[in-house]
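Visitor: what would the 3D arrangement of this be:
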Amino acid sequence: MDNFRNPYRSRRYIANVNLMGTTQLHLRNPYTIACWSLAFPGFGHLLLNKYLRGFALVLWELFINQKIHLNLAMVHSFNGNFQAAKEVLEPKYMAMYIPVYLFAVWDSYRSTIDVNKQFIIARGENKPLSTFSISPLGLNYLDKRKPWISAAWAVTIPSLGQLYQHQILSAAFFLTATIVLMENSNLLLAIHYLILGDLEHSNAVLNAQWLMYLPSFYFYSIYESYTSAVENNKLFDREMRTYLVQHFQPAGRVFRVKERIE
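Guide: Numbers count the residues shown, from 1 in each chain. I've put the predicted structure just below:
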């Protein structure tokens with residue numbers, strides 16, 4: 001049950017609160033979004049709350065990267081072993097990688113500009129938005145959350161920051177991805193041997209192809225958790241201000257910030 005369900009009262013809404021999380025429009029820097037798409041295709045679209053397109057691009061990147069062994073070739077290149085880098089690359093799928101990669105960067109940049117325009121129009125219309133959703137499966141509501149706490153949980157394990165934000169779809173996806181990447185990269189096992197002082201065995205068990213995915217997922221989760229909390233708080237303030245003005249401000253009277261009310 002949502003406390004606002006009429007979809008025809010306004011052309012645009014600035015946000016929607018539902019059981020899966022809070023989806024909202026807000027201003028974003030197109031270059032920042034494009035840079036996240038450069039880091040990992042799909043991340044820019046996820047920041048725009050375009051989940052289906054973002055998840056599809058992330059899964060494609062994982063699939064095609066595994067086919068062409070790009071991460072392993074990058075590791076060899078970083079070590080100056082260019083011959084080994086050329087040998088591990090699979091040319092059969094190379095031509096499929098570049099077009100989708102460039103599309104992800106271009107489309108995230110273009111979409112950011114369009115979403116910013118939609119936000120400006122929706123903000124001008126300033127129509128009521130759903131702030132509370134409840135059903136037999138759970139509930140979600142618009143409230144304030146601390147950005148540093150969200151980021152701190154994301155530092156421990158990617159996806160916990162999203163869970164704190166009640167972003168269920170994003171949290172489930174990143175938790176699953178983290179489990180898969182940890183399992184195949186053997187990172188925790190390598191850390192175990194490193195703590196025991198067995199550096200050689202620690203290096204031997206690492207899978208560089210899978211390990212190279214982790215930094216992008218890890219730092220994206222921290223960034224997204226923090227910025228999502230900041231924008232969620234702005235949305236709460238905007239909705240509360242609109243509600244108080246509409247229901248408690250006398251007609252013809254405008255209250256100023258820090259004005260004394262007698």
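
Visitor: all strands of the stretch 1-150 of the chain, in order?
Guide: For the stretch 1-150 of the chain, the strands defined by DSSP state E, counting those that start in this stretch cover 15-18, 21-24, 132-135, 138-141.

Visitor: what's the second one packed up against?
Guide: Where contact means 3 or more C-beta pairs under 8 Å, 6 or more residues apart in numbering; DSSP states H and E, strand 21-24 is packed against strand 15-18, helix 168-185, helix 214-248. C-beta: built from backbone N, CA, C; applies to glycine.

Visitor: most packed of those?
Guide: By mean neighbour count, with neighbours taken as mean count of other C-beta atoms under 10 Å, strand 15-18 ranks first of the helices and strands packed on strand 21-24 at a mean of 19.

Visitor: tell me how far D237 lies from D143.
Guide: 11 Å (C-beta to C-beta, to the nearest Å).

Visitor: could you name every residue contacting both of these two?
Guide: The overlap between the contact sets of D237 and D143 (C-beta atoms under 8 Å, 6 or more residues apart in numbering) is empty.

Visitor: where does V180 land on pLDDT?
Guide: V180 is assigned a predicted lDDT (pLDDT) of 95.

Visitor: tell me, how many neighbours does D198 end up with?
Guide: Counted with other C-beta atoms under 10 Å, residues neighbouring D198 total 14.

Visitor: please report the distance of it from N79.
Guide: As judged by C-beta to C-beta, D198 and N79 stand 22 Å apart.

Visitor: and for S159?
Guide: Distance from S159 to N79, counting by C-beta to C-beta: 32 Å.

Visitor: looking at these two, which is more packed in?
Guide: Using other C-beta under 10 Å, the more surrounded residue of S159 and N79 is S159, with 24 against 10.

Visitor: list the contacts for A190?
Guide: Listed by C-beta under 8 Å, 6+ apart, the contact set of A190 reads S202, N203, V205, L206.

Visitor: and the closest residue in space to the last one that isn't next to it in sequence, what helix or strand is that in?
Guide: This means L206. Closest residue in space to L206, ignoring its immediate chain neighbours: A190 at 4.8 Å, by C-beta to C-beta, 6 or more residues apart in numbering. Using DSSP states H and E, A190 falls within helix 187-195.

Visitor: need the strands of the stretch 1-150 of the chain in TSV with distance to L62 and mean pLDDT, can you?
Guide: Below are those laid out as TSV (distance: least, C-beta to C-beta, whole Å; pLDDT from 0 to 100):
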stretch	distance to L62	mean pLDDT
strand 15-18	28	88
strand 21-24	23	90
strand 132-135	32	85
strand 138-141	29	88
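
Visitor: ok, which of the ones you listed comes nearest T178?
Guide: When the strands of the stretch 1-150 of the chain are compared for distance to T178 using C-beta to C-beta, the nearest one is strand 21-24, at 18.4 Å.

Visitor: quick check: buried residues in the closest one?
Guide: Across strand 21-24, burial judged by 16 or more other C-beta atoms under 10 Å covers G21, T22, Q24.

Visitor: report the distance from that strand to the chain centre.
Guide: Distance of strand 21-24 from the chain centroid (C-alpha atoms, centre = their mean, to the nearest Å) equals 12 Å.

Visitor: for the closest residue to V75 other than its chain neighbours, give me the pLDDT.
Guide: Residue nearest to V75 in three dimensions, not counting chain neighbours: A208, with 4.5 Å by C-beta to C-beta, 6+ apart. pLDDT, A208: 91.
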